[in-house]
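[1] This is a predicted model, with the sequence first.
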2 protein chains.
Amino acid sequence: MRVLIVEDEPNLGRQLRATLEGAGYAVDLATDGEDGHFLGSTESYDAIVLDLGLPEIDGLTVLDRWRREGKETPVLVLTARDSWSDKVAGLDAGADDYLAKPFQTEELIARLRALIRRAAGNASSELIAGDVRLDTRSGKVTLAGEPVKLTAQEYKLLSYLMHHKGKVVSRTELIEHIYDQDFDRDSNTIEVFVTRIRKKLGQDVITTIRGLGYSLDDPAR
Amino acid sequence: MRVLIVEDEPNLGRQLRATLEGAGYAVDLATDGEDGHFLGSTESYDAIVLDLGLPEIDGLTVLDRWRREGKETPVLVLTARDSWSDKVAGLDAGADDYLAKPFQTEELIARLRALIRRAAGNASSELIAGDVRLDTRSGKVTLAGEPVKLTAQEYKLLSYLMHHKGKVVSRTELIEHIYDQDFDRDSNTIEVFVTRIRKKLGQDVITTIRGLGYSLDDPAR
DNA sequence: CGAGTTCCATGCGCGTTTTGATCGTCGAGG
DNA sequence: CCTCGACGATCAAAACGCGCATGGAACTCG
């Protein structure tokens, strides 16, 4: 999962990046509204963390522009604790969730996870496809009840596919969501990890759609 | 279920009351140690939330008095994030659980519930994972029945992991919960303590999930 | 002042990730 | 129905970086 942080205060920005990377996200960081808007418009993220108090362009403006452009990416807005006006304005501009500063990082992570889950249309923290279960809260995967050990990248890949169960996901899309900005686009890494996951969870978990990408279906239904 | 909150800071006090009432508790609020002590002694509660930093009479003193009077009501103590000394002193005075400020309201509710459940009967204040037992009340740890001497940091680290048994906990999360705000993010302290705990309690108590963090599982199930 | 604890720096080993090469397979067109 | 081309799967080995161990410095406490 790839996340954009728009935060002008350098320290907080760095801290946020560290936190989210620690939680397994690929993170891009923009330090002003201009940058933030550009990245948010051109790259593809699973969620955006947006601080409202930005220099140059105001955070609300950025959010508003994204929505006008048709960007649907879920946005979590950071506000000063007492500014209710910001909150109301943010609602109008299309924010999906709020967090008042200062906040606890776990709360941020929990909210983000919920946001991404909601955007994918899932209700619980557990994603299920056939015999495979992935718990986004504890970060664990089981196959027919048995715990399976996945490496960090394997987990990220599987997680993305399960969040988009039934959809055909292109290799490019996977690369974009698993890695951050600068990554060598032509390599067969994805294939390698698909192979590895299939080895651990069974051949038929991930279906190949030739020329288009991969898809994870739920055989249960 | 009836709960007493002893908290001098008006805002936090009100917030706590609202939270707990929302969770279905009957709530009394005392704003200083004097009041708190009196209410705790004369009324009957299922649990008490006690802030240590109080004017007039110190929270610890209040707690100590209750215990001398023979009050068995479970007490959850709120401490400033970094005052481990408070924690230790609190243990001696007979606190049943701790929460460092600032905390998540969900966590408070969860802990309170656990506290009440424990006090309600059978269960003890023990966290159990395999051969390892950690008594949150006495602060003692045993391995297969044998007492093990842990240092303060080792205890904190282990305690946090045991409170989140089964979850993958990132290094960042651990650092944030064990140290106060500004702490050198790139240092291998956590690794060092993990190693030390493993030396004392056995290699397989804490599982490493490469790239993500650590996890403590209960092999019993 | 000494014992114990906490923290930091360094180097190394090993699992993970990535690369590149090769093999297998599917599908279109002859 | 066969052949060829393109795409995907697989493998092995190299590169990388994480986490571990260790020893020592700084600090805290009695």
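    Perfect, thanks for sending it.
[2] got the buried residues for the helix or strand hosting A:V62?
    Using DSSP states H and E, A:V62 maps to helix A:59-69. Buried residues in helix A:59-69, defined by neighbour count with 16 or more other Cβ atoms under 10 Å in any protein chain shown: A:G59, A:L60, A:V62, A:L63, A:D64, A:R65, A:W66, A:R67. All C-beta atoms are positioned from the backbone trio N, CA, C, and that covers glycine.
[3] Was I right to think the second one contacts A:L52?
    Yes - with contact defined as Cβ atoms under 8 Å, A:L60 counts as touching A:L52 (6.2 Å).
[4] Could you export stretch A:117-130 as PDB, CA atoms only?
    The C-alpha coordinates for stretch A:117-130 follow below in PDB (Å, rounded to 0.1, in the frame of the first residue of the first chain):
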ATOM      1  CA  ARG A 117     -10.300  -1.000   4.000                       C
ATOM      2  CA  ARG A 118     -13.400   1.100   3.600                       C
ATOM      3  CA  ALA A 119     -12.300   2.300   0.200                       C
ATOM      4  CA  ALA A 120     -11.900  -1.300  -0.800                       C
ATOM      5  CA  GLY A 121     -15.400  -2.000   0.400                       C
ATOM      6  CA  ASN A 122     -14.500  -4.400   3.200                       C
ATOM      7  CA  ALA A 123     -16.000  -4.300   6.600                       C
ATOM      8  CA  SER A 124     -13.800  -6.300   8.900                       C
ATOM      9  CA  SER A 125     -10.000  -6.200   9.300                       C
ATOM     10  CA  GLU A 126      -9.900  -9.700   8.000                       C
ATOM     11  CA  LEU A 127      -9.700 -10.300   4.300                       C
ATOM     12  CA  ILE A 128     -10.800 -13.800   3.100                       C
ATOM     13  CA  ALA A 129     -10.400 -15.600  -0.200                       C
ATOM     14  CA  GLY A 130     -11.000 -19.300  -0.200                       C
END
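[5] for A:E146, what are its contacts?
    Not one residue lies near A:E146 by Cβ atoms under 8 Å, 6 or more residues apart in numbering or on different chains.
[6] again but with A:E191, I slipped
    A:R171.
[7] cool, A:L158 as well?
    A:L134, A:V141, A:L150, A:I197, A:L201.
[8] next one: A:T195
    Contacts of A:T195 by Cβ under 8 Å, 6+ apart: none found.
[9] now it: how far from A:I178?
    When distance is defined by Cβ to Cβ, to the nearest Å, A:T195 is 16 Å away from A:I178.
[10] can the helix ranked longest in chain A be found next to chain B?
    Longest helix of chain A, by residue count under DSSP state H: helix A:105-119. Yes - Helix A:105-119 lies within reach of chain B by Cβ under 8 Å from any Cβ of the partner chain, at A:T105, A:E106, A:E107.
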